[in-house]
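Asks: quick one: sequence and predicted model below, then my questions.
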Amino acid sequence: MPTVSSRGDAMRGLAVFISDIRNCKSKEAESKRINKELANIRSKFKGDKTLDGYSKKKYVCKLLFIFLLGHDIDFGHMEAVNLLSSNKYTEKQIGYLFISVLVSSNSDLMKLIIQNIKNDISSPKPVHVNLALHCIANIGSVEMSEAFGQEVPKLLVSAHASASVKQSAALCLLRLIRTLPEAMTYAEWASRVIHLLNDQHMWLTAATSLIHTLSQLSPGDYKGCVSLAVSRLSRIVTSTYTDLQDYTYYFVPAPWLSVKLLRLLQCYPVPEEPAVRGRLVECLETILNKCQEPPKSKKVQHSNSKNAVLFEAINLIIHIDSEPNLLVRACNQLGQFLQHRETNLRYLALESMCLLAGSEFSADAVKKHRETVINALKTERDVSVRQRAVDLLYAMCDKTNSEEIVAEMLAYLKKADYAIREEMVLKVAILSEKYASDYTWYVDTILKLIRVAGDYVSEEVWHRVIQIVINRDDAQGYAAKTVFENLQAPACHENMVKVGGYILGEFGNLIAGDERSSPLVQFNLLHSKFHLCTPSTRALLLSTYIKFINLFPEIKPTIQNVLQNNNQLRNADVELQQRALEYSQLSSITSQDVLATVLEEMPPFPERESSILAKLKKKKPASVQVSLVGSPSLLLVSLTVQMSLIRAYFSLFYQPTSIGYHLALFSPTYPLMHKTPVLLMDAFDDVLTLPADLGESPSTESTEHANRPFMFKNSGVLFENALIQVGVKCEFKEQYGRVGLFFGNKTGNQLQNFAAAVSLGPEHQGKINVATQKEPPSQIDGGAQVQHFINLECISMFSGSPNLQLRYQHSSAPQQVTLKLPVIINKFMEGVDMNSGDFFSRWKQLGQPTQETQKIFQARHPIDTEAARTKLTGFGMCALTNVDPNPENLVGSGIIKTKTSQIGCLLRLEPNKQAKMYRLTVRSSVGEAAALICSMLEEHF
């Protein structure tokens, strides 16, 4: 950049103004001086006398300074834009600076600014071109990306552009791509941009940053950069100090360019060409060798730049993961850093070794440093380093050292920082399960975990131990004995009570033969904790008590006294009240055989992914490398099943017309006006869990968006108010569907003249056939539930959903509710599995403009690939894996099946995490289907 040297550029008036501001003794004096200056500038701008370029520049500078002091500026923008037309560099510079800082991207002046920028980009003067490029990058708006997305690359590959212009163009283009990736046609400039790596000027750090981003967005077009990057890296690494003296930083040749090149190479697999691969391995060996040499300087800058290159080289070695010699050498080098006096080096060494522990070639080398890592866990002052030590112990754990590592982590857990305790608990739980050769050790470990850090033991952990015990016959007796002993401690954590209540309720009979753990002793021990627990735990204990009645009939009177106590029957918590009432009635009016059937021992849980592992993945996705199976909502599911069995029993054998049952459960003394989640159930089908009460119902209600959640699921709550709950459960197969509706009366009074009817609008006529299979009764008794089943057939493509009209009378007042039936076109879609070749072949066939709909939109939720994949699967498509070259992209395929046709649909969802935006592209053999699916999915990502 040219220096300011001329006398006229000194802007003495600006210097005097700044001096006056600094000399102000108070805030009021400063504001007074600024207001005076603003009035003067405003009068100059509005005066009849035309200002010269120097005066405009001076006044615009003053406005910029006032803005930086924290004052609002609402004029002077046009004068700043006028400065862009000046041929003087200093005036143009001030104009661009003002625009970059004060002009918003949606300003009315933006079109005029863009025109001036276009003039400067085509200027023969490099300094003017640089100013324009800097302004584009500083604003970085979508409008800038659209206007210059195709212009800036021309400067980048121009044979006449200077090195400084190319550097500015590379950084400017990088900003535009991050703002709007669609503004760049990646393949058009690929070969010429890649060959920038051969440029003799060492401005390549900017170019390498650009190529790195382009390689992530379009890896196939830029894969040719690998050999050139290796060649350039080799020239840097093998050079002497004098070869690159102008680009050497504290005796390290071009360290930042080396780091960028090493990072770029991590975007691609190891080169297949033997010559390129050999040269890359040679570079990495040279970097490792240089780190063993004595330092050439004691300055911290020397060690920082040298280590920056080393750690990026180690990351590339880990990425390659096919050179055992390099992996072991990298591990040994990191091992030297574990006891380094510099905290940052210890942190980075532990972090990198976590990755090395996952490689089959370096895992054994990592385990040799176990004692050093354990010592770091005990003595390290920095909590972040201790957390990395925990991560490394977790990563290096296997069957040979699991007991020692788990014991060390449990010992450290007692004094661990609160910030990392929950994560440590999850890791101890996972390791103790994964490497448990003896399940008695696993039970002991988890119970000790609850004793040591009970407040940090999440539901997933104690749910998991219960599942393991239920699924392992050899562990049940020991678990019952051990948990009984732990409950005898004076201070017992509530999570221990939950585990004890569940296990003793299932397997307490296995230890009942010992007088010290007789049925009555077990009951008294659990009940002594009852008053200290939260309502959710008390509800679990009530379930344990009814289980005890089945296991130990001899203590039935004692337990019935507790269940029938007014403290339970009149409990303010409706869930506790309901359980006490139902359990009391169940134990009183049923035979022992029926009771044994309803309360039989829980069957083994199905094997699914461990909910503990899933939670740890959510917290730290990159660090989880183990695989477990389990049930994600173990105890909640089991309790729901138990409650549903009990309620199913009552609904089947004791109808609400039975006086005794009706008075016991639904009398006005104990109303079931639920303020907590309740259950609507079909006695012959699954349970529907409904949300809390939503308040009083007006006489006429409408829910336009109630079916949005049902786009990705087939059962749940369709509607709820103070009078009625509407649950729904749907099944779809090809073009047929069946909708089950469950209407629950939430009041104690009868709903009369009840009617439910499906109405088809003009847009659905001839496109959907509806037939009622089972009509609901015209009256719904207080607290009762009725069913309504509808059969459907999709004839052809449709949009929207049919309406469901509900009409009834409550206390002689007519009520009407209009709902959207959750029957959407994607319900008739079936996923189709494809490989990469089939998908892109079909994608090209659907290339007509009328067959594609594309939308670019801001992400409404945090960008999460797995969550998006789950949504896509719930929508009805098959989420394809290993199809798109970019693993961040999601692709899906499906067929909409109607009576008259089958409509194929393909989808690509491309996230941009930096800009927090998505590009959604849908192609279909029917253009209407592509547009409809695109609009339906847009608001859910």
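Replies: Okay, I see it.
Asks: just the strands in the stretch 801-941 of the chain please.
Replies: Listed in chain order, the strands of the stretch 801-941 of the chain (DSSP state E, counting those that start in this stretch) span 803-810, 813-820, 829-831, 852-858, 878-880, 890-897, 902-912, 917-924.
Asks: turn those strands into TSV, columns for mean neighbour count.
Replies: Just so you know, the C-beta spots here come from the backbone N, C-alpha and C atoms, and that holds for glycine as well. Output for these, formatted as TSV (neighbours: other C-beta atoms under 10 Å):
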stretch	mean neighbour count
strand 803-810	19
strand 813-820	17
strand 829-831	18
strand 852-858	15
strand 878-880	21
strand 890-897	23
strand 902-912	21
strand 917-924	22
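Asks: out of those, nearest to K498?
Replies: Among those, the nearest to K498 by C-beta to C-beta is strand 878-880 (36.2 Å).
Asks: what mean pLDDT does that closest one have?
Replies: The average pLDDT within strand 878-880 is 89.
Asks: give me the contacts around it.
Replies: Strand 878-880 is contacted from outside by 831-834, 839, 869, 872-873, 890-894, using C-beta atoms under 8 Å, 6 or more residues apart in numbering.
Asks: with distance to L551 as extra columns, can I get the strands of the stretch 801-941 of the chain in JSON lines?
Replies: Converted to JSON lines, these look like this (distance: least, C-beta to C-beta, whole Å):
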{"stretch": "strand 803-810", "distance to L551": "44"}
{"stretch": "strand 813-820", "distance to L551": "45"}
{"stretch": "strand 829-831", "distance to L551": "46"}
{"stretch": "strand 852-858", "distance to L551": "58"}
{"stretch": "strand 878-880", "distance to L551": "46"}
{"stretch": "strand 890-897", "distance to L551": "50"}
{"stretch": "strand 902-912", "distance to L551": "53"}
{"stretch": "strand 917-924", "distance to L551": "55"}
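Asks: could you chop the protein up by domain?
Replies: 399-599, 708-823, 827-939 (the TED database).
Asks: and the ones you listed as TSV, adding distance to Y268?
Replies: Formatted as TSV, the domains of the chain follow (distance: least, C-beta to C-beta, whole Å):
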stretch	distance to Y268
domain 399-599	33
domain 708-823	35
domain 827-939	11
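Asks: ok, which of the ones you listed comes nearest H134?
Replies: domain 827-939 (20.1 Å).
Asks: mind checking the end-to-end distance for that closest one?
Replies: 18 Å (C-alpha to C-alpha, to the nearest Å).
Asks: one more: stretch 235-246?
Replies: By C-alpha to C-alpha, the extent of stretch 235-246 from end to end equals 15 Å.
Asks: now it: average pLDDT?
Replies: 72.
Asks: now do the same for the residue nearest in space to the middle of the chain: its pLDDT.
Replies: Taking C-alpha atoms, centre = their mean as the criterion, D864 is the residue nearest the geometric centre of the chain, at 4.1 Å. Turning to D864, the model gives it a pLDDT of 85.
Asks: contacts only, for it.
Replies: Contacts of D864 by C-beta under 8 Å, 6+ apart: none found.
Asks: that one and P911: what is the separation?
Replies: To P911, D864 is 9 Å away according to C-beta to C-beta, to the nearest Å.
Asks: and for R421?
Replies: 33 Å.
Asks: again, but for F798
Replies: 30 Å.
Asks: cool, Q522 as well?
Replies: In terms of C-beta to C-beta, Q522 sits 54 Å off from P911.
Asks: name the residues linked to Y249 by a beta bridge.
Replies: V252 (DSSP bridges).
Asks: give me the number of residues near it?
Replies: 15 (other C-beta atoms under 10 Å).
Asks: which residues does L563 contact?
Replies: Counting by C-beta under 8 Å, 6+ apart, L563 makes contact with L542, Y545, I546, A580, Y583, S584, S587.
Asks: for the residue nearest to the centre of the chain, grab phi and psi.
Replies: phi -130, psi 110 (degrees, to the nearest 10).
Asks: and if you look at I470?
Replies: Torsion angles, degrees, to the nearest 10, at I470: phi -70, psi -40.
Asks: repeat that for the one 4 residues further on.
Replies: For D474, the backbone dihedrals are phi -70, psi -10 (criterion: degrees, to the nearest 10).
Asks: and what of S812?
Replies: phi 70, psi 0.
Asks: for this protein, give me the ranges with low pLDDT.
Replies: Within the chain, the segments meeting pLDDT under 70 span 1-10, 183, 201-202, 240-245, 607-708.
Asks: L214 is in contact with A170, correct?
Replies: No. Judged on C-beta atoms under 8 Å, A170 makes no contact with L214 at a distance of 10.6 Å.
Asks: next, count neighbours for the closest residue to S162 other than its chain neighbours.
Replies: Nearest non-adjacent residue to S162, counting by C-beta to C-beta, 6 or more residues apart in numbering: P126, 4.8 Å away. As a burial measure, P126 scores 14 neighbours (other C-beta under 10 Å).
Asks: can you tell me how far P126 sits from K57?
Replies: Distance from P126 to K57, by C-beta to C-beta: 21 Å.
Asks: adding distance to I320 and secondary structure, write the contacts of L563 out as JSON lines.
Replies: Listed next are those as JSON lines, based on distance: C-beta to C-beta, whole Å; DSSP: H, G, I helix; E, B strand; the rest coil:
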{"residue": "L542", "distance to I320": "59", "secondary structure": "helix"}
{"residue": "Y545", "distance to I320": "61", "secondary structure": "helix"}
{"residue": "I546", "distance to I320": "60", "secondary structure": "helix"}
{"residue": "A580", "distance to I320": "64", "secondary structure": "helix"}
{"residue": "Y583", "distance to I320": "62", "secondary structure": "helix"}
{"residue": "S584", "distance to I320": "68", "secondary structure": "helix"}
{"residue": "S587", "distance to I320": "67", "secondary structure": "helix"}
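Asks: buried members of those into ChimeraX, please.
Replies: Restricted to buried positions by 16 or more other C-beta atoms under 10 Å, the ChimeraX selection for these reads:
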select :542,545,546,580,583,584,587
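Asks: in stretch 836-854, what counts as buried?
Replies: Buried residues in stretch 836-854 (16+ other C-beta under 10 Å): F839, R842, W843, L846, Q851, E852, T853.
Asks: in this structure the third one contacts C905, no?
Replies: No. Contact between W843 and C905 fails when scored by C-beta under 8 Å: they sit 11.3 Å apart.
Asks: mutual contacts of these two, please.
Replies: By C-beta under 8 Å, 6+ apart, the residues touching both W843 and C905 are R923.
Asks: quick revisit: which of the strands of the stretch 801-941 of the chain sits closest to R232?
Replies: Here strand 902-912 is closest among those (C-beta to C-beta), at 28.1 Å.
Asks: quick one: distance of the closest one to the chain centre.
Replies: Here the centre of strand 902-912 is set off from its chain's centre by 21 Å, with C-alpha atoms, centre = their mean, to the nearest Å.
Asks: CA atoms of that strand as PDB?
Replies: Output of strand 902-912 as PDB, limited to C-alpha atoms (Å, rounded to 0.1, in the frame of the first residue of the first chain):
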ATOM      1  CA  GLN A 902     -45.800 -44.600  -9.000                       C
ATOM      2  CA  ILE A 903     -43.700 -41.400  -8.600                       C
ATOM      3  CA  GLY A 904     -40.000 -41.600  -8.100                       C
ATOM      4  CA  CYS A 905     -38.300 -39.000  -6.000                       C
ATOM      5  CA  LEU A 906     -34.600 -38.200  -5.400                       C
ATOM      6  CA  LEU A 907     -33.200 -35.700  -2.900                       C
ATOM      7  CA  ARG A 908     -29.900 -34.000  -2.000                       C
ATOM      8  CA  LEU A 909     -29.500 -31.900   1.100                       C
ATOM      9  CA  GLU A 910     -26.200 -30.000   1.200                       C
ATOM     10  CA  PRO A 911     -25.400 -28.200   4.500                       C
ATOM     11  CA  ASN A 912     -23.000 -25.200   4.800                       C
END
